[in-house]
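> Only the shape, not the letters, is given here:
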């Protein structure tokens, strides 16, 4: 059985935060070269999805397509979407036989099109989360399933606190009032999904200390890729100074054996469309 997916249609969301900085930009090559842990440490999430031959699977926030390809290897018919055009181009070049499109959780307009939705390290970027849940529910066939991993309450708390304190110390300027991410507790996210017709069958919040690539530059690389919003409004000299002060404060706790280890906390959830 072959699936024919509709072209992406979009309508303006109430609010959207889908990128690492206020402009929503992503560097696909930096992502692959310095941050492969994002997908490699969650590759077993595909086993949790257990894709079947012929199933239609939406990879929501596919990034550079590595996990989309792993799903497709199981015989599923995949569609990967991402809000960053650079990610989509990179994924399409790397996996030319698979289908990728630009789109996101707040603007996708699929109607009972998929047997499953897969999402890794994406949903904590999306606001409002209620709209994302509503659209995921609509995209699934009745009985269709969702398998996702996202940051949970307390994720990168030490990193964020250190950068925030360093910014205030170096520049006397408070950080942007709006937090870059949505990190719900397990109870909050399960309640959100169930309110929108997605019955949760599995949920686990856990600590996952995550080694960062780049040796001594690992925290700087992470901040450049994922925490840029914390430094919004600062010139390059001030940014460098803030990162240096944050590194000094964090080194005793988060630098081990020649590399930085981020204080990640993750939430894994599985649910199905019940109505």
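Alright, I've got the coordinates. This one's a predicted model, so the numbers in the text were calculated from it and none came from an experiment.

> which helices and strands sit right next to whichever strand or helix holds residue 86?
Under the assignment given by DSSP states H and E, the secondary-structure element containing residue 86 is helix 85-94. Contacting helix 85-94 under the criterion 3 or more C-beta pairs under 8 Å, 6 or more residues apart in numbering; DSSP states H and E are the following elements: helix 28-34, strand 77-82, strand 99-102. Bear in mind the C-beta positions are built from the backbone N, C-alpha and C, glycine included.

> Report the buried residues of that helix.
For helix 85-94, the neighbour count (16 or more other C-beta atoms under 10 Å) marks 86, 87, 88, 90, 91, 92, 94 as buried.

> Nearest to residue 185, out of these: which one, please.
Distance ranking of the buried residues of helix 85-94 against residue 185, using C-beta to C-beta, places residue 87 first at 28.6 Å.

> how much space between the closest one and residue 271?
Between residue 87 and residue 271 the distance is 25 Å, computed by C-beta to C-beta, to the nearest Å.

> pLDDT weak spots in the stretch 151-275 of the chain?
In the predicted model of the stretch 151-275 of the chain, residues 175-177 satisfy pLDDT under 70.

> from the buried residues of helix 85-94, which is closest to residue 121?
When those are compared for distance to residue 121 (C-beta to C-beta), residue 87 comes out closest, at 12.2 Å.

> Surely that closest one is in contact with residue 63?
Yes. Because the distance of 5.3 Å satisfies C-beta atoms under 8 Å, residue 87 is recorded as touching residue 63.

> Do you have the strands of the stretch 151-275 of the chain handy? List them.
Counting by DSSP state E, counting those that start in this stretch, one finds strands in the stretch 151-275 of the chain at the ranges 198-207, 210-211, 255-256, 259-262, 265-273.

> chain center to the second one: distance?
Relative to the centre of its chain, strand 210-211 is centred 16 Å away, using C-alpha atoms, centre = their mean, to the nearest Å.

> What strands line up against it, and which way round?
Based on DSSP bridges, the strands next to strand 210-211 in the sheet, each with its direction, are strand 259-262 (antiparallel).

> measure residue 99 to residue 45 for me?
Residue 99 sits 20 Å away from residue 45 when distances are taken as C-beta to C-beta.

> Neighbour count: the two, which is higher?
Counting neighbours by other C-beta atoms under 10 Å for residue 99 and for residue 45 shows that residue 45 has the greater number, 22 against 17.

> Please name the residues that touch the more buried one.
Residues in contact with residue 45, defined by C-beta atoms under 8 Å, 6 or more residues apart in numbering, are 67, 118, 120, 147, 149, 268.

> One more pass at 7 Å, please.
Applying C-beta atoms under 7 Å, 6 or more residues apart in numbering to residue 45 gives the contacts 120, 147, 149.

> which of the residues you listed has the most neighbours?
Counting neighbours by other C-beta under 10 Å, the top entry in those is residue 120, with 26 neighbours.

> partners of it in the sheet?
residue 149.

> wait, doesn't it sit right on residue 149?
Yes. Counting by C-beta atoms under 7 Å, a contact exists between residue 120 and residue 149, whose distance comes to 5.1 Å.
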